[in-house]
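Participant: Just to be clear, the model below is a prediction. Sequence and coordinates:
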Amino acid sequence: FGEALTDLIRTGPDRWRSACGGSPWNVAVAMSSLGQLSAFGGAISQDSLGAEIWQCSQEANLDMRFIQQLPRPPLLAVVHELDPPRYFFVGENSADLHFRPEGLPMGWTRSLRWAHFGSLGLVRQPLAERLLSLAHALKSEGRLISYDPNFRAPPMDASYDDTLEQMCRLADVIKVSDEDLRGLFRLPDYRSGLAQIAAWNPGAWLLLTRGSEGATLYHGVEEASALPPRVDVVDTIGAGDSAMAGLLDSLMRDAGAPAEQHLRWALAAGAAACTAPGFAPPRPGHVAALVDAVEVLKI
């Protein structure tokens, strides 16, 4: 649940290209690519940009009943510099803000296994309030929740602190990067924020990613750290979302497996997404081929 948007990416002084994106949409597409029945719950525009997201969602085999097309403007992420990425968002009164959970198919929660939340959907009103209420309602029904805050400045300032705490307390799986933690907690040492999240929810699966420096997966007293497999990196667009999907996919297939096994699959999925331009959802065969190249670190 959250936003699907159009990335407008500057490729030259007077050249731009568009691509479908949005962290929650990426996770839905990656889950489908990995073989899980998946849907994106959100609203998109009825113009050509919305039509492209609709078509890409169909091609990704998402359950289309959860996407609402509305006569509202599209949400845009304008990426005006690539290295390092610099961007801004255009989306005043855009379609994503008008998503209505009550418009979803009758009885849809009965077949729900996991619900994923995060990114701009939880910070832009009035959508944020609706999604937070939905997350609480689903948790009360016993559904599993995953959460990736996907820090974005400036909207995720101090006004986001309460939502951050609520979602961390709700979630069964939480993914954060070291950069996310520095931004969310406004502290130079990411470990302070990590400790706070662990204190809010000591029973959750907590995935900390640190780019090329690897990742650590915590679950209670269990802890596993590893370096991602070495691949020829084309770009890192969607790598974090693919790692999130890889972790969820592994938990769905074998929830009782050790943390090391889940971390291997997550890092392999994230690396697979880096081998093609733009957001390239990981394929199971490619991920499986990379798993053995994940270097587990001895703690």
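Facilitator: Arrived safely, thanks for sending.
Participant: After the helix or strand hosting Met244, heading C-terminal, what element do we hit next?
Facilitator: Per DSSP states H and E, Met244 falls inside helix 239-253. Using DSSP H and E, the helix or strand that directly follows helix 239-253 along the chain is helix 259-272.
Participant: Give me the buried positions along that next one.
Facilitator: 259, 261-272 (16 or more other Cβ atoms under 10 Å). For every residue, glycine as well, the C-beta is placed using N, CA and C.
Participant: Which strands and helices lie in contact with it?
Facilitator: Packing partners of helix 259-272 (3 or more Cβ pairs under 8 Å, 6 or more residues apart in numbering; DSSP states H and E): strand 205-209, strand 215-219, strand 222-227, helix 239-253, helix 284-291, strand 295-297.
Participant: what pLDDT, on average, does it get?
Facilitator: Averaging pLDDT along helix 259-272 gives 96.
Participant: residues touching His116, list them.
Facilitator: The contact partners of His116, by Cβ atoms under 8 Å, 6 or more residues apart in numbering, come to Phe1, Pro24, Val27, Ala28, Ile145, Ser146, Tyr147, Asp148, Met244, Leu248.
Participant: and it, bridged to which residues?
Facilitator: Ser146 (DSSP bridges).
Participant: first vs last residue of stretch 202-212, how far apart are they?
Facilitator: Taking Cα to Cα, to the nearest Å, stretch 202-212 runs 26 Å from one end to the other.
Participant: show me where pLDDT drops low in the stretch 51-200 of the chain?
Facilitator: 83 (pLDDT under 70).
Participant: Not counting sequence-adjacent ones, nearest residue to Val29?
Facilitator: Ala60 (4.4 Å; Cβ to Cβ, 6 or more residues apart in numbering).
Participant: what about the helices in this structure?
Facilitator: 23-33, 48-59, 127-140, 161-170, 178-185, 190-200, 239-253, 259-272, 284-291 (DSSP state H).
Participant: Save the ones you listed as JSON lines, and put in distance to Ala95 too.
Facilitator: Converted to JSON lines, those look like this (distance: least, Cβ to Cβ, whole Å):
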{"stretch": "helix 23-33", "distance to Ala95": "13"}
{"stretch": "helix 48-59", "distance to Ala95": "7"}
{"stretch": "helix 127-140", "distance to Ala95": "10"}
{"stretch": "helix 161-170", "distance to Ala95": "21"}
{"stretch": "helix 178-185", "distance to Ala95": "26"}
{"stretch": "helix 190-200", "distance to Ala95": "31"}
{"stretch": "helix 239-253", "distance to Ala95": "21"}
{"stretch": "helix 259-272", "distance to Ala95": "29"}
{"stretch": "helix 284-291", "distance to Ala95": "32"}
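Participant: so which of these comes closest to Lys298?
Facilitator: Proximity to Lys298 (Cβ to Cβ) singles out helix 259-272 among those, at 10.9 Å.
Participant: isn't the residue nearest to Val29 right next to Pro281, touching?
Facilitator: Yes: between Ala60 and Pro281 there is a contact under Cβ atoms under 8 Å: 7.1 Å.
Participant: Please enumerate the shared neighbours of these two.
Facilitator: Counting by Cβ under 8 Å, 6+ apart, the residues touching both Ala60 and Pro281 are Val29, Ser32, Ser33.
Participant: any idea which of those residues has the most stuff around it?
Facilitator: Val29 (28 neighbours; other Cβ atoms under 10 Å).
Participant: quick one, what contacts it?
Facilitator: Ser38, Phe40, Cys56, Ser57, Ala60, Leu62, Phe279, Pro281.
Participant: follow-up on the earlier one: out of the helices of the chain, the one nearest Thr11 is which?
Facilitator: helix 48-59 (17.5 Å).
Participant: helices or strands next to that closest one in the packing?
Facilitator: Checked by 3+ Cβ pairs under 8 Å, 6+ apart, helix 48-59 has strand 5-12, strand 15-21, helix 23-33, strand 42-45, strand 67-70 packed alongside it.
Participant: mind running it again at 7 Å?
Facilitator: Other elements packing on helix 48-59 under the criterion 3 or more Cβ pairs under 7 Å, 6 or more residues apart in numbering; DSSP states H and E are strand 15-21, strand 42-45, strand 67-70.
Participant: Tell me, how many residues neighbour Gly142?
Facilitator: When neighbours are counted by other Cβ under 10 Å, Gly142 comes out with 7.
Participant: from now on call the first residue 230
Facilitator: With 230 as the first residue, the last one maps to Gly371.
Participant: picking that back up, Serialize the helices and strands packed on helix 488-501 to JSON lines and add fields for mean pLDDT.
Facilitator: Formatted as JSON lines, the helices and strands packed on helix 488-501 follow (pLDDT from 0 to 100):
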{"stretch": "strand 434-438", "mean pLDDT": "97"}
{"stretch": "strand 444-448", "mean pLDDT": "97"}
{"stretch": "strand 451-456", "mean pLDDT": "95"}
{"stretch": "helix 468-482", "mean pLDDT": "96"}
{"stretch": "helix 513-520", "mean pLDDT": "94"}
{"stretch": "strand 524-526", "mean pLDDT": "91"}
